[in-house]
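*Asks:* return a 3D structure for these sequence lines:
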Amino acid sequence: MCQSPAAVHCDYFHRKEILTDIGKAVIAIGRLESPTRALVMEAPKGIEINAEAGSLKATCRTELRLESKDGEITLNSAKIKLPNLPQGSSSSAGSRQKIYELCVCPNGRLFLSQAGSSSTCQINTSVCL
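*Replies:* Numbering: from 1, shown residues only. Okay, the predicted model is just below:
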């Protein structure tokens, strides 16, 4: 329930505790949610999300976007899985092989193509449309 009399709507911030450490606030959060509006986190020197003993999961209904305006995006892992990549049209020769080439459309979409002795990526595939 919202305790702020000036608020038109209230977002929920369920907190366990707020700790301070040499001038910076450290928040131990049980749950941070905004059930009816957007939720924005901003900081001039960066935001760090760290799961020391577990995993990090991001789920959304439409589009999940990672964007770096001036830097790079690094995926640092022994395994990177993209289980639902579409497959481009396959050739009849060697159709039973399990080796694929990772292809990129001009619009940035990724797709798989059965590997051959040379590149098998066909930009005119229906995946790129």
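*Asks:* secondary structure class for Glu72?
*Replies:* Assigned by DSSP: H, G, I helix; E, B strand; the rest coil, the conformation of Glu72 is coil.
*Asks:* isn't Leu82 right up against Phe111?
*Replies:* No. Contact criterion Cβ atoms under 8 Å: Leu82 and Phe111 do not qualify, at 10.0 Å. For glycine as for every other residue, the C-beta is placed from the backbone atoms N, C-alpha and C.
*Asks:* more neighbours: these two, which one.
*Replies:* Between Leu82 and Phe111, Phe111 has the larger neighbour count (other Cβ atoms under 10 Å), namely 20 against 8.
*Asks:* in stretch 100-107, what counts as buried?
*Replies:* Buried residues in stretch 100-107, counted by 16 or more other Cβ atoms under 10 Å: 100, 103, 105.
*Asks:* check stretch 72-84 too.
*Replies:* Neighbour-count burial for stretch 72-84 [16+ other Cβ under 10 Å]: no residues qualify.
*Asks:* can you list the neighbours in contact with stretch 119-129?
*Replies:* Stretch 119-129 has contacts (Cβ atoms under 8 Å, 6 or more residues apart in numbering) with 86-89, 91, 101, 103-107, 109, 111, 113-114.
*Asks:* what two of these are the furthest from one another?
*Replies:* Farthest-apart pair in the contacts of stretch 119-129 is Ser91 and Asn107; separation 23.7 Å (Cβ to Cβ).
*Asks:* need the contact list for Ser113.
*Replies:* 87-88, 90, 100-101, 103, 120-122, 125.
*Asks:* can you rerun that using 6 Å?
*Replies:* Counting by Cβ atoms under 6 Å, 6 or more residues apart in numbering, Ser113 makes contact with 88, 101, 103, 120-121.
*Asks:* what mean pLDDT does stretch 120-129 get?
*Replies:* The average pLDDT for stretch 120-129 rounds to 76.
*Asks:* no, scratch that, I was asking about stretch 48-64
*Replies:* Rounded mean pLDDT across stretch 48-64 is 89.
*Asks:* do you know how far Met41 is from Gly71?
*Replies:* Distance of Met41 to Gly71, computed by Cβ to Cβ, to the nearest Å: 18 Å.
*Asks:* would you mind measuring from Gly108 to Thr120?
*Replies:* The value you get for Gly108 to Thr120, if Cβ to Cβ is used, is 19 Å.
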